[in-house]
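[1] A predicted structure for the sequence below; I have some questions about it.
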Amino acid sequence: MTKDITTCKECKSEYFTETSKKESLCTNCAHYLYGQKRCFHIFTNERCAKCYWNGTVSERIAAMIKRNKKKLKKINTSIGIATFILIISLPTAIYWFVYLDTTVFSLTKHSFSRNVWFFMSVFGVLVSISFLIKANAFKKQLIKEVPYLKHN
Ligand SMILES: [Zn+2]
Ligand SMILES: [Zn+2]
């Protein structure tokens, strides 16, 4: 039994026509461009035994992968920083709310630096939480748009 072979218009590699749902795109390109289910390639004699792809990655896709990985890394770093700020400011902020009566209305009783510390911690909690919500939504959206980021 011989399988139909087509040339991919993106990476110029030949592939078994039936392995890809996208016309004129190999499984690999269809995966990166359209999130089609990936082929877990098994290379024998320079080609994937399952989809016949030769391992070529087009410049466009290589650049796209690099760009999206960078984006994801940036988001993860920001989430890390925001989480750190939340962790260090939360205990003080909680303390601030527990002692609301004695602190808010009697700021003058306490040292200026202590009040600043309290305001900073409340500010830190509010800013980091709103940032985390936004960053996580952005990350979710990015992974939805480029599903391959999940398993890399
Ligand atoms: Zn291709
Ligand atoms: Zn394959």
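    On my side now, so go ahead. Residues are numbered from 1 along each chain as shown. Ligands and ions are numbered 1, 2, ... in the order given.
[2] when you work out contacts or count neighbours from here on, use the C-alpha atoms and nothing else.
    Will do.
[3] report all helices and strands that the helix or strand hosting V127 contacts.
    Using DSSP states H and E, V127 sits in helix 112-145. Packing partners of helix 112-145 (3 or more C-alpha pairs under 8 Å, 6 or more residues apart in numbering; DSSP states H and E): helix 59-98.
[4] change it to 10 Å
    helix 59-98, helix 100-104 (3 or more C-alpha pairs under 10 Å, 6 or more residues apart in numbering; DSSP states H and E).
[5] check contacts around the closest residue to F43 other than its chain neighbours.
    Distances taken as C-alpha to C-alpha, 6 or more residues apart in numbering put A49 closest to F43, at 5.9 Å, once the chain neighbours are dropped. Residues near A49 by C-alpha atoms under 10 Å, 6 or more residues apart in numbering: 15-16, 41-43.
[6] burial check on S20, number of neighbours?
    Number of residues near S20 (other C-alpha atoms under 10 Å) recorded here: 21.
[7] so for the nearest residue to it once chain neighbours are set aside, what's the pLDDT?
    Counting by C-alpha to C-alpha, 6+ apart, T27 is the residue found nearest to S20 once chain neighbours are left out, at 5.0 Å. We have a pLDDT of 95 for T27.
[8] hmm, T27 is touching T6, no?
    No - counting by C-alpha atoms under 10 Å, T6 is not a contact partner of T27; they are 11.4 Å apart.
[9] identify the contacts common to these two.
    In contact with both T27 and T6: 15-18, 52, using C-alpha under 10 Å, 6+ apart.
[10] so which of the residues you listed are also by ligand 2?
    For ligand 2, no contacts are drawn from the shared contacts of T27 and T6 by C-alpha under 5 Å from the ion.
[11] and the furthest pair within the residues you listed?
    For those, the farthest-apart pair by C-alpha to C-alpha is E18 and Y52; their separation is 10.8 Å.
[12] enumerate the positions of stretch 120-139 that are buried.
    For stretch 120-139, a neighbour-count test (16 or more other C-alpha atoms under 10 Å) marks 121-126, 128-129, 131-132, 135, 139 as buried.
[13] thanks a lot, see you next time.
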